[in-house]
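In: Starting from these lines, generate the structure:
(chains A, B and C)
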Amino acid sequence: MVNLNTIKPKNNRNYYLALGLEGSANKLGVGILKHPILPSHESGDNSHHCQAEILSNIRDTYITPPGEGFLPRDTARHHRNWCVRLIKRALEEAGINDPRNDIDVICFTKGPGMGAPLHSVVIAARTCSLMWGVDLVGVNHCVGHIEMGREITQAINPVVLYVSGGNTQVIAYSENRYRIFGETLDIAIGNCLDRFARTLKIPNAPSPGYNIEQLANKCKNKDQLVELPYTVKGMDLSMSGILAYIDSLAKDLFKGNKKNKILFDQKTGEQKVTVEDLCYSLQENLFAMLVEITERAMAHVNASQVLIVGGVGCNVRLQEMMGQMCKDRANGQVHATDERFCIDNGVMIAQAGLLQYRMGDVVKDLKETVVTQKFRTDEVYVSWRE
Amino acid sequence: MRTLDYTLEIRIPFPEERMATIAQQVLSPDPILKPEDFQVEYLKPATQHNNVLLVKFQSIDERVLRVGVSSVLDSIKTILETMDEL
Amino acid sequence: MGDLITAKYSSPDIPELHFTIDVNDKRYQTTNGMTTGPSEHVLNAGQIDRDRPSDPKLLSGSSSDVEPHYTELSKLRMHLTGLQDDINIFLTEQMELAKKKKIKLHSEEEEKRIDEEINELLDGGDGDEEDEDEGK
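Out: Purely as a prediction, here's the structure:
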């Protein structure tokens, strides 16, 4: 039995308020979250049922010109120069005038992610904590995604597919840990899609992955998939080979390299494959691999539900393919959140952080707030679940 | 072992003592990557008024010094803005 | 005139050099430094900068049209911005001078190591071996 009301809200309030700060990649997110104190939380296993109320969810994304990725130092500059303004706006939106007394805990992303951007945010977090006399809690970015997904979708013990620009993991909960059952052996799927978007020089706004998805939707040759390497390796998968290959196809297409049999008819020289076809085939290939390793994990833990979290989880085609597999396999369902929550945001950090806080986890020395680029999901002790 | 011959000391008077203390506490936790090349200390020495933060940098050359100093000053600007606006 | 920020530099060539703030000089009256813009690389790729630092905070009752009065913390932030530019520009000049004199302080290997270390400092590495291609 888990008592989520171990730590009480400040000032005899009957609700908790958490400020969440996220900046591990190019999205800077500030969120303010409220948890009512519920009798059902005294015992039982109800951390996915917090009746969480979102008082503000503000995000600003650092976007680079087409063909460019985001460099850590410029991303850190973006976060540094925007974080105070966003925190101020979030407090105003949430109607908080007295953070010292109104806020129970400041939650920040400790890792994993890009070092300098994470650091930009933690400087502001520490300062607010000391100024207001409010406790700090460091949160694992992935656990933030998982807990937000659980709360929004109410999925019961799903296998979690965490897919973003920086991460690709298949996770299942077991004995107070989010255990990694399968993952990428090289690059994350979001990174693969983002880098292909750069090769194609398509805009990075609102996100390169979104623009790839739109191009894929426009494909008129869905029956004629461009054959790509399929690189599932047991429970894991690899994607850098696929990226290298499809990058070379795109380059040949742009150069008009007629010798490429896949792209050009060898007799007439006519172009057989378009950019839309490449985007479609890439998605189908990558997503099929994700479906396979997710299914493998489901078999291991006897699960019928899948929860997709992380920015790539916004992709409708991925949700469709995963949903079909769940239905076929176990008459189960796929769960996903919308772009407010699948894309990095501050509220998810507040959600996970508040659960940690309520169980008594709190920073006692600022040395604990040093950010870290590497922070595996299974390093976190999930005290708030049975 | 090279000596850290290139030094910079910045003296920052804050409007109030507690602000200088907060700045010192916010800056101190982060470890230095390569202490043999670059070091920084955040001090509130008794020889100064209690609203003063002294930041002492030592480095093996101008380039590492410049990068380290500018990075710390960026953090201090964030601390100042946070204290001003929130 | 309040107590202002000062800095003191020392090196094998320069025993002591002082930096001071001139509150009447425009370079100490802005939060947007000359040396803290976006990196060259993105500017060359056509980036329009929308991430400049926020404006200084006006004292209540003050307006920015007439003689604006800013909070002490904002003034400090602007002074620091100007000083940061001064230090960055000075140290860059020193580096150029050293290069011209062809004074080799470090071996080529050391140079490479320092280059990598500078990149790690700028990008916020943990000090572990990193092969991540985050965003690159």
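
In: Now do the contacts for the nearest residue to A:Tyr381 once chain neighbours are set aside.
Out: Spatially, and ignoring its direct neighbours in sequence, A:Tyr381 is nearest to A:Asn176 (5.8 Å; Cβ to Cβ, 6 or more residues apart in numbering or on different chains). For every residue, glycine as well, the C-beta is placed using N, CA and C. Counting by Cβ atoms under 8 Å, 6 or more residues apart in numbering or on different chains, A:Asn176 makes contact with A:381-383, A:385.

In: Quick check: the gap between A:Asn176 and A:Met359.
Out: 11 Å (Cβ to Cβ, to the nearest Å).

In: so what sits against both of these two?
Out: A:Ser383.

In: For A:Gln51, give me phi and psi.
Out: phi 50, psi 40 (degrees, to the nearest 10).

In: chain center to stretch A:366-377: distance?
Out: Put simply, stretch A:366-377 sits 18 Å off its chain's centre (Cα atoms, centre = their mean, to the nearest Å).

In: Touching it from outside, list them.
Out: A:108-115, A:118-119, A:122, A:125-126, A:136, A:138, A:140-143, A:146, A:162, A:169, A:171, A:178, A:180, A:363, B:25-26, B:28-31, C:124-126, C:128, C:130, C:132.

In: Now the residue positioned nearest the centre of chain B. Nearest residue, chain neighbours left out?
Out: Centre of chain B computed as the mean C-alpha position; nearest residue by Cα atoms, centre = their mean is B:Val55, 3.6 Å away. Excluding the flanking residues, the one nearest B:Val55 by Cβ to Cβ, 6+ apart is B:Ile10, at 4.7 Å.

In: Is it correct that the one you found falls within a helix?
Out: No - according to DSSP: H, G, I helix; E, B strand; the rest coil, B:Ile10 belongs to no helix; its state is strand.

In: So the longest helix along chain C, near chain A or not?
Out: With secondary structure taken from DSSP state H, chain C has its longest helix at helix C:72-100. No - Helix C:72-100 lies apart from chain A when judged by Cβ under 8 Å from any Cβ of the partner chain; the minimum separation is 10.8 Å.

In: Now A:Asn221: which helix or strand?
Out: Using DSSP states H and E, A:Asn221 sits within no helix or strand.

In: So in terms of bridging, what pairs with the residue nearest to B:Val55?
Out: B:Val55, C:Ala7 (DSSP bridges).

In: Pull the contacting residues for it.
Out: So, once contact is read as Cβ under 8 Å, 6+ apart, B:Ile10 ends up touching B:54-55, B:57, B:69, B:73, C:5-7, C:83.

In: repeat that with 10 Å
Out: With contacts taken as Cβ atoms under 10 Å, 6 or more residues apart in numbering or on different chains, B:Ile10 has the following neighbours: B:53-57, B:69, B:72-73, B:76, C:5-9, C:19, C:80, C:83-84, C:87.

In: Next: B:Ser28.
Out: Contacts of B:Ser28 (Cβ under 10 Å, 6+ apart): A:126, A:366-367, B:40-42.

In: ok, now with 6 Å
Out: Residues near B:Ser28 by Cβ atoms under 6 Å, 6 or more residues apart in numbering or on different chains: B:Tyr42.

In: how near is A:Ala350 to chain B?
Out: A:Ala350 sits at a distance of 17 Å from chain B (criterion: Cβ to the nearest Cβ, to the nearest Å).

In: Count the residues that sit near that residue.
Out: Around A:Ala350 sit 38 other residues, with neighbours defined as other Cβ atoms under 10 Å in any protein chain shown.

In: and what of the one 4 residues further on?
Out: The burial count assigned to A:Leu354 is 28, neighbours taken as other Cβ under 10 Å.

In: Next up, phi/psi of B:Tyr6, please.
Out: phi -100, psi 110.

In: Quick check: closest non-adjacent residue to the residue of chain A found nearest chain C.
Out: Nearest residue of chain A to chain C (Cβ to the nearest Cβ) works out as A:Gly115 at 2.7 Å. Excluding the flanking residues, the one nearest A:Gly115 by Cβ to Cβ, 6+ apart is C:Gly124, at 2.7 Å.
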